[in-house]
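In: I would like the atomic coordinates for the input below:
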Amino acid sequence: MKNNIITFYVLLLILHLAHIIEEVIGNAPFIASLYGGVTNFLLINIGLLILPLIILYLLYSQKRYALYFALIYGVIMFLDGLDHLWEGTAGIYSGSVMIIVATFVIVASWKEIRSKAAILSNKQTSSHKP
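Out: As a prediction, this is how the structure comes out:
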């Protein structure tokens, strides 16, 4: 796994955590209406941070399917940041940076997926030669 994917991914995780903190400090209106309060919001979001940490472990373990999960996580964080920009709610500052870093995660993951697919394709075609 290329180090830039892991570097951008870790940065995105840190931004995700900062984003949660910004939403709480900024008293985002959806915290009360959607989650029923800050405690529930924090419990759910800390629980949801466990999944990206597992993906990070899989990236470090060089599991190919981790790239797909990293790509999906990048897309989710990109859309979350975009939503905050569109709505103008608390989380707009970290959301703006999340869009940029998530783009790097998406592009780096996609390039690595395509690279590994090309390598596998070359191995398969060369193994079928007489």
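In: going forward, measure contacts and count neighbours with C-alpha atoms only.
Out: Noted.
In: Okay, now the unreliable bits of the chain?
Out: Scanning the chain for pLDDT under 70 picks out 1-2, 117-130.
In: where exactly do the helices run in it?
Out: Assigned by DSSP state H, the chain shows helices spanning 3-25, 29-35, 38-60, 64-87, 92-127.
In: Quick check: residue 114 vs residue 31, distance?
Out: 39 Å (CA to CA, to the nearest Å).
In: what's the answer for residue 39, then?
Out: 9 Å.
In: same deal with residue 97?
Out: 21 Å.
In: Could you do residue 78 as well?
Out: The gap separating residue 78 from residue 31 is 20 Å, by CA to CA.
In: what does residue 49 give?
Out: Applying CA to CA to residue 49 and residue 31 gives a distance of 17 Å.
In: more crowded one of these two?
Out: residue 31 (17 against 13; other CA atoms under 10 Å).
In: List the contacts of that one.
Out: Applying CA atoms under 8 Å, 6 or more residues apart in numbering to residue 31 gives the contacts 24, 37, 38, 41.
In: Just the buried residues out of the residues you listed, in PyMOL syntax.
Out: Buried residues within the contacts of residue 31, by 16 or more other CA atoms under 10 Å, are selected in PyMOL with:
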select buried, resi 24+41
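In: Thanks a lot, catch you later.
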